[in-house]
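Enquirer: Take a look and give me a structure for this.
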Amino acid sequence: MGKRDNRIAYVNPIAVARSRGPAASSGPSIQDYLNRPRPTWEEVKEQLEKKKKGSRALAEFEEKMNDKWRKELKKNRDELLGGNEGSSKTKEKKAKVMKKSNRHSSSSSSSSSSDSSSSSPDSDEEDKKHTKKKRKRKHSSARKSSVGSSSESDADSKEKSNKRKKYKKHRRKKKKESPVPALV
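Expert: Coordinates of the predicted model:
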């Protein structure tokens, strides 16, 4: 018995492609792309001018928005510069409402300021002093809250600090007394 012939014939791919002939293209060729119709320089200039002009509707809309914006700016300017009188009236109203609510809610406020009429100049000065005191109280309470004791009295805060100190001392003693386990 003889050996089998396992040889395969070598086929030159370039020769096979040439024998098939030119390949059928599925789209436009490079030549088609280069020979495409192009606009003239005058047509290009016209298109650029149209783009610069933009649409009329868009231009009108932008003008309307600019007008609205200008009016709003003018209105706000008038309120800030010349219209301080109106804003001060609203501030006074708010202050009066706050005073009334504070008089009813706070038991620590003085009865003389709530009994006096607000039309006399003396009572106005008293009201101003009273509001300044309240502001100071608010600021001091805000500082206390940042430390950690906002609504507590001085005695309560001292007691807490003493308790903390005692607790820290107690923990230190426990640490000293407890033996540290040896690492192996």
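Enquirer: pLDDT below threshold where in this structure?
Expert: Applying pLDDT under 70 to the predicted model, the residue ranges of the chain that meet it are 1, 83-89, 103-123, 138-153, 179-184.
Enquirer: try 50
Expert: 108-119, 149-150 (pLDDT under 50).
Enquirer: In it, mark out all the helices, start to finish.
Expert: Under the criterion DSSP state H, the chain carries helices at the ranges 13-20, 30-34, 41-53, 56-81, 84-105, 111-115, 121-147, 154-177.
Enquirer: can you list these in JSON lines and add distance to residue 2 and mean neighbour count?
Expert: All C-beta atoms are positioned from the backbone trio N, CA, C, and that covers glycine. Compiled in JSON lines, those are given as follows (distance: least, Cβ to Cβ, whole Å; neighbours: other Cβ atoms under 10 Å):
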{"stretch": "helix 13-20", "distance to residue 2": "32", "mean neighbour count": "8"}
{"stretch": "helix 30-34", "distance to residue 2": "56", "mean neighbour count": "8"}
{"stretch": "helix 41-53", "distance to residue 2": "79", "mean neighbour count": "10"}
{"stretch": "helix 56-81", "distance to residue 2": "89", "mean neighbour count": "10"}
{"stretch": "helix 84-105", "distance to residue 2": "115", "mean neighbour count": "11"}
{"stretch": "helix 111-115", "distance to residue 2": "129", "mean neighbour count": "11"}
{"stretch": "helix 121-147", "distance to residue 2": "103", "mean neighbour count": "12"}
{"stretch": "helix 154-177", "distance to residue 2": "96", "mean neighbour count": "10"}
